[in-house]
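Here you go, sequence then predicted model.
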There are 2 protein chains.
Amino acid sequence: MERPIGVFDSGVGGLTVCSQIRNYLPDEQIIYFGDTAHLPYGTKSKRQIVRFSSAAAKFLTNLGIKLLVVACNSSSAVALAALKQQVKLPIIGVIDSGAEEAVRATSNKHIGVIGTRATIESEAYQGRIARLDPEVSVVAKACPLFVPLVEEGRTSDEVMWLVAREYLEPIRDEGIDTLILGCTHYPLLKDIIARVMGKEVKLIDSAQAVAIQVKEILHRRKMFASPGRKRASKRGSSRGKAGMKFYVSDWPENFKELGKRFLGEEIRFVKEVRFDV
Amino acid sequence: MERPIGVFDSGVGGLTVCSQIRNYLPDEQIIYFGDTAHLPYGTKSKRQIVRFSSAAAKFLTNLGIKLLVVACNSSSAVALAALKQQVKLPIIGVIDSGAEEAVRATSNKHIGVIGTRATIESEAYQGRIARLDPEVSVVAKACPLFVPLVEEGRTSDEVMWLVAREYLEPIRDEGIDTLILGCTHYPLLKDIIARVMGKEVKLIDSAQAVAIQVKEILHRRKMFASPGRKRASKRGSSRGKAGMKFYVSDWPENFKELGKRFLGEEIRFVKEVRFDV
């Protein structure tokens, strides 16, 4: 129960998932691993993504986690089955969580999903939704410029608006009532996406969906960390939350700098680990 | 003399360099290595870039090349000195070639350079130009959205125009007469860059500058491949050019698909090699 939750992604994107887990589960310790030596996973082959993900999962399980969150869409899309074989712990991937939340949320059974080219072309969201409810129809759209725009901090400038309208207006016009933000970078674009899509469309933040699912699983398995422990370990924290530890496979300074916008708070210390796959 | 020229980059960008070498030296065999398992280099630490580059250089020298072209700006910026220690062959990096060509071309001694954030922040172009001619002043500008836009094939749409004007107009207004396209993706943007910069500004295509320098070195060292050999080996080629071989460390299908726009012709066969660094 007192063991940490392990979270991994190729870079900083998964920090939006950490941030949501912190909101929903402030007593839980989190260990985050960013495989920055191999980022981004989305441009790699399926075989490589499975290799990288498997090594990342091994790294985290060796640190004694109680639950593994795959906070990377590419990895969730192509490596989750392999990881479930390998890791004898509860595993949660961003895609399943987002898909389940969207199926619960839709009234007209018409869901949209946006993500990177790799995620959309993997058809992982589409497949998962079809298995959950075959009556739901899905409009999927790759939005490949969103990640570079977010990483440039251009979350609401003229270029972003132009790109957002181009990507999103055709999906909006299909009459969906629910849109999955199928990329860990997209929570930073929630405002602009909401404005293009209009109030009628519910946005499913997959980072938030994961956090809700983590909470459900810990509840079901009676695995919550005790609040007492939180207070004992919160030394130096002004937020009253349990600790987070960050590991990366390359360039910790850059992770610290880029990461704070995704986590929503300063990152104090990032440890670089040798990570030969 | 009959040995091939080796060229490497992290991905498809360096194919613009291959294409220029083919134009200037149609009799030369080329072996290209794309380290696609680790692309892009620009988001990795200096230490990792040196490791990857050193392994790529070793891979190519083991194949018996006569000259090594570092067709990656990040690698040229941070790893060239280490590679020169390691490899006992002539080595040409994109940065030196572009800088030398620009210093020759400028009349008013006012040069601009554009590239990725990693290249510009390394100050490699700025440093090289200062050593070549301390009187030249340099305006450098990172254009981080150009690579994703080129990779999306958006070389002249509305978004591209907006971004190009934003990046380039301030440099143009500084009164430069020469602009270095300091990224192997940028030759695909030559038209739009020329239109924003105006006719007065000479564009230095660093891919072309490398090819010119390769030709000079082969000439000086009397290392040209013999035209006779070209004819003997051109079996099946309708272009009358010597052969090219392509190796990648991941996902050959994707390289083939993306690469043709950069090379300017179809890529027939790409071999995947195991490349553990």
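Alright, I've got the coordinates.

How many residues are close by A:Arg47?
Using other CB atoms under 10 Å in any protein chain shown, the number of residues around A:Arg47 comes to 13. Where C-beta positions appear, they are placed from N, C-alpha and C, glycine not excepted.

so for the host helix or strand of it, what's the average pLDDT?
In the assignment (DSSP states H and E), A:Arg47 maps to helix A:46-62. Mean pLDDT, computed over helix A:46-62, is 96.

May I see the buried residues of it?
A:48-57, A:59-61 (16 or more other CB atoms under 10 Å in any protein chain shown).

Now do that helix: which elements does it pack against?
Applying 3 or more CB pairs under 8 Å, 6 or more residues apart in numbering or on different chains; DSSP states H and E, one finds that helix A:46-62 contacts strand A:5-9, strand A:30-34, strand A:67-70, helix A:73-86.

Low-confidence bits of chain A, can you list those?
A:228-240 (pLDDT under 70).

residues touching the most centrally placed residue in it, list them.
By CA atoms, centre = their mean, chain A has its centre lying nearest to A:Ala71, at 3.8 Å. By CB atoms under 8 Å, 6 or more residues apart in numbering or on different chains, the residues touching A:Ala71 are A:Val7, A:Phe8, A:Asp9, A:Gly13, A:Gly14, A:Val17, A:Cys18, A:Val94, A:Thr184, A:Ala207, A:Val210.

Could you identify which of these has the most neighbours?
A:Val94 (35 neighbours).

can you tell me which residues contact it?
A:17, A:69-73, A:76, A:182, A:184, A:206-207, A:209-210.

Taking those together, which two end up most distant?
Pairwise distances across those peak at 15.8 Å for A:Val69 and A:Gly182 (criterion: CB to CB).

what does chain A put close to chain B?
A:36-39, A:43-45, A:47-48, A:144-145, A:148-149, A:151-152, A:158-159, A:162-163, A:166, A:250-251, A:254, A:276-277 (CB under 8 Å from any CB of the partner chain).

ok, 7 Å please
A:37, A:39, A:43-45, A:48, A:144-145, A:148, A:152, A:158-159, A:162-163, A:250-251 (CB under 7 Å from any CB of the partner chain).

from these, which ones fall inside helices?
A:Gln48, A:Pro148, A:Glu158, A:Val159, A:Leu162, A:Val163 (DSSP state H).

what sits against the residue lying closest to A:Lys66 once chain neighbours are set aside?
The shortest distance from A:Lys66 to any non-neighbouring residue, by CB to CB, 6 or more residues apart in numbering or on different chains, is to A:Arg3 (4.0 Å). A:Arg3 is in contact with A:Gly64, A:Ile65, A:Lys66, counting by CB atoms under 7 Å, 6 or more residues apart in numbering or on different chains.

Using the three-state scheme, assign the closest residue in space to the first one that isn't next to it in sequence.
The reference is to A:Gly64. Leaving out its chain neighbours, the residue that sits closest to A:Gly64 by CB to CB, 6+ apart is A:Arg3, at 5.4 Å. The three-state label given to A:Arg3 by DSSP: H, G, I helix; E, B strand; the rest coil is coil.

Now do the phi/psi pair for the closest residue to A:Ser137 other than its chain neighbours.
Nearest residue to A:Ser137, sequence neighbours excluded (CB to CB, 6+ apart): A:His110, at 5.5 Å. Dihedral angles of A:His110 (phi, psi; degrees, to the nearest 10) stand at phi -140, psi 100.

and what of A:Gly115?
Dihedral angles (degrees, to the nearest 10) for A:Gly115: phi -170, psi -170.

one step back: the residue nearest to A:Ser137 is in contact with A:Asp173, isn't it?
No - assessed by CB atoms under 7 Å, A:His110 is found out of contact with A:Asp173, at 11.8 Å.

The two: which is more packed in?
Neighbour totals were compared for A:His110 and A:Asp173, and A:His110 leads with 15 against 9 (other CB under 10 Å).

For the residue in the stretch 151-277 of chain A that chain B sits nearest to, give me its contacts.
At 3.9 Å from chain B, A:Trp251 is the closest residue in the stretch 151-277 of chain A, using CB to the nearest CB. A:Trp251 is in contact with A:Thr36, B:Lys44, B:Ser45, counting by CB under 7 Å, 6+ apart.

which non-adjacent residue is nearest the second one?
What sits nearest to B:Lys44 in space, not counting adjacent residues and going by CB to CB, 6+ apart, is A:Asp250, at 5.7 Å.

Lovely, talk soon.
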